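Q: Return a 3D structure for these sequence lines:
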Amino acid sequence: MTYPKRSASALLAAASLALVSACAAGNQGAPSGAPASAGASSAPAAAAYKPAQISLGTPEDSKGPAIPPEGMVKGGTVTMIDRDDFAHLDPAQIYVNTEANMGLLINRGLTGYKRVGKGEYKLVGDLATDAGQVSDGGKTWTFKLKDGVKWQDGNPITSADVKWTIERMFAPFITFGPQYVQAWLTDVDYKKAYPGPYGGKELDNIETPDDKTVVFKFKTPHADANYAFAMAGYSIVPKAKDTKEKYDKEPVASGPYLIKSHVVDKSIELARNPNWDPASDPIRGAYPDVWKMEFGQEALQISDRLEADSGPDQTAFTFYARIPPERLQQVLNNSSLADRRMISPSPYGNYYYFNLDRVKNQKVRQAINYAWPAKQIQQTVGGPAAAALPTTILNENTTVGYKPYDLFEKTTKPEGDIEKAKQLLAESGTPNPTIVYAYNQTPNQEQVTVVIKNALEKAGIKVVAKPLDRKTYYDSISQTKNEFDLYWGGWGADWPSGSTVMPVIFGPVSDGGQNMSHLNDPTVSAEMKKITEMSDIDAANAAWMDLDKKIQETITPLVVAENTISTMLHGSKVGGAEIDPQQWIVSPNTIFVKQ
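A: Presented below is the predicted three-dimensional model:
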């Protein structure tokens, strides 16, 4: 499934790729679980997994080298196998997690996430000496570069490179990457505010008082700007070696590896960057000598190769190829694979949105929440090993300051409360409403639709099911004048805060936008603006959670959907393989080859 993911204007598409992870445009929340007939699994349910712990690191935490995983050895060749090559290598064009993962091997940014233990991370300085110094109530951020950081040709990385990196993101040929910092520096419609640096014009509110200091002066406070700079899209590009459009094919390395060869859609080979210094890098271990990447393999082929664990595949793994439904129970029930399985719940938010323009009675929306057959849907997509049942809008796995609540008793009554739903429908004045439910026409979603239809009709709700083509699913539901009452949609946070979720899914209402519920409440909008501009990040995180609950209590614009659980394998001679809980993809930072 692919999520349309993550942009300040909510127009850019797709986080975790169309290939394996969650919800491809139109793949409507169909987790890659076992068939509906699958039996119990030996794998633990999602409840066994602890949410990622993410905190702010110190200057000491920002020093290298990275903390090695247990049993780490250096050297050897590791192979990464996946379906598709990377569409972009220019950091400014990167906005999907596979490309961001590749970027960790060749690029560096001002800040990043240091793994300090399994599931435990700190935001630290990457090229910067710390995670940034904030002043002026959150409007001004200052970063100082570390001594001795260099490009692959040995030239120093300077503050001029940092300034240039951000300025070039305004250029017309940059069409895909993140937009936060640009909008904060200028305006929401930032490309009209500044054309980019190629004509000689600079941004005055990015200052470089010396070669190692860069100062960003935003128009409004942004207490979590240092998290934004950790995005792969803000990795640094050398001013002297910027080749504009061509840079997307031939990037210059600042990270531990450089591109030795690239046969498009077939393979990439990485070799060590001789001018990368592990003493300056708290994030990347860079343990293998050589990285080989193979493209063109489907998930089933990859899973079978890794399960067989034969010859060269013993030193192979995948960034994102989840075990497909037809193999899931086989893999989960094979005890010999226990130390080669990687399992992690999705960090994304999944929702069944109400179209508030059509479903105007809140009691009807509340009734549907109470009648919702969460457990039955979970069983249909493969059981607890394939999907968890969250209760909040914000995802507990990637929200700092997360605070749970269960407004509709999904934890205690996961099969739904039909009597409570009937009571609310009676109070609504429409005890037998009709709901038009749009879904992606896949075999899995056909089954889920039957479950939903049966449950809601027990409460007295007539469900008219409307199948949609998977290729145009998002196009259909994102139209403001669509003719549907209820439909699935997903979204992922760009960093662990509600600030990159709620202002998007409850933001501007527009054709093609991400406000699928069409929520347009002045009180909610004002509260979101207030929280976004808070100078105290801890207070802001707490406020996002409070708003999460308040929106469901006072408006109820959606049903919180099931949360997919990813299961992947790696070869027996691959060490340090873990699914990154924020990106939902196997991180390269801890990978090593067992000798």
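
Q: continuing past the longest helix along the chain, what's the next helix or strand?
A: Counting residues, the longest helix found in the chain (DSSP state H) is helix 537-554. Note on helix 537-554: by DSSP states H and E, the next helix or strand toward the C-terminus is strand 558-560.

Q: For the helix or strand following that following strand, buried residues please.
A: Scanning forward in sequence from strand 558-560 by DSSP H and E, the next helix or strand is strand 563-569. Across strand 563-569, burial judged by 16 or more other C-beta atoms under 10 Å covers 563, 564, 565, 566, 567, 568, 569. The C-beta positions use only the backbone N, C-alpha and C, and glycine is treated the same way.

Q: Bridged to the second one, which residues?
A: Per DSSP bridges, residues listed as beta-bridge partners of residue 564: residue 387.

Q: what separates it from residue 349, distance-wise?
A: 11 Å (C-beta to C-beta, to the nearest Å).

Q: in the stretch 401-550 of the chain, which spans are strands?
A: 434-440, 462-468, 486-491 (DSSP state E, counting those that start in this stretch).

Q: of all those, which lies closest to residue 111?
A: strand 486-491 (23.0 Å; C-beta to C-beta).

Q: other SSEs contacting the closest one?
A: strand 349-354, strand 434-440, helix 473-477, helix 502-505 (3 or more C-beta pairs under 8 Å, 6 or more residues apart in numbering; DSSP states H and E).

Q: Export those as CSV, with columns for distance to residue 93.
A: Formatted as CSV, the helices and strands packed on strand 486-491 follow (distance: least, C-beta to C-beta, whole Å):
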stretch, distance to residue 93
strand 349-354, 25
strand 434-440, 28
helix 473-477, 21
helix 502-505, 20
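
Q: The closest residue to residue 164 other than its chain neighbours: neighbouring residues, count only.
A: Excluding its sequence neighbours, the residue lying closest to residue 164 (C-beta to C-beta, 6 or more residues apart in numbering) is residue 239, at 3.9 Å. Residue 239: 16 surrounding residues under other C-beta atoms under 10 Å.

Q: Deepest in the core, which of the strands of the stretch 401-550 of the chain is it.
A: Greatest average neighbour count among the strands of the stretch 401-550 of the chain goes to strand 486-491 (a mean of 26), per mean count of other C-beta atoms under 10 Å.

Q: and that strand, what's its mean pLDDT?
A: Mean pLDDT, computed over strand 486-491, is 94.

Q: Return the alpha-carbon coordinates of that strand using PDB.
A: What follows is strand 486-491, C-alpha atoms only, in PDB (Å, rounded to 0.1, in the frame of the first residue of the first chain):
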ATOM      1  CA  LEU A 486     -17.100   7.000   4.000                       C
ATOM      2  CA  TYR A 487     -13.700   6.000   2.600                       C
ATOM      3  CA  TRP A 488     -10.200   4.900   3.700                       C
ATOM      4  CA  GLY A 489      -7.200   7.200   3.700                       C
ATOM      5  CA  GLY A 490      -3.700   7.200   5.200                       C
ATOM      6  CA  TRP A 491      -1.000   9.700   6.200                       C
END
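
Q: Listing partners with orientation, what would you give for it?
A: Short version: by DSSP bridges, strand 486-491 pairs with strand 349-354 (antiparallel), strand 434-440 (parallel).

Q: Quick check, pLDDT for residue 3.
A: 42.

Q: And for the one 3 residues further on?
A: On pLDDT, residue 6 comes in at 39.

Q: same check, this time on residue 13
A: 26.

Q: do residue 31 as well
A: pLDDT at residue 31 comes out at 28.

Q: Please identify the buried residues of the longest helix of the chain?
A: The neighbour-count check on helix 537-554 (16+ other C-beta under 10 Å) flags 537, 540, 541, 542, 543, 544, 545, 547, 548, 549, 551, 552 as buried.

Q: Great, nothing more from me.
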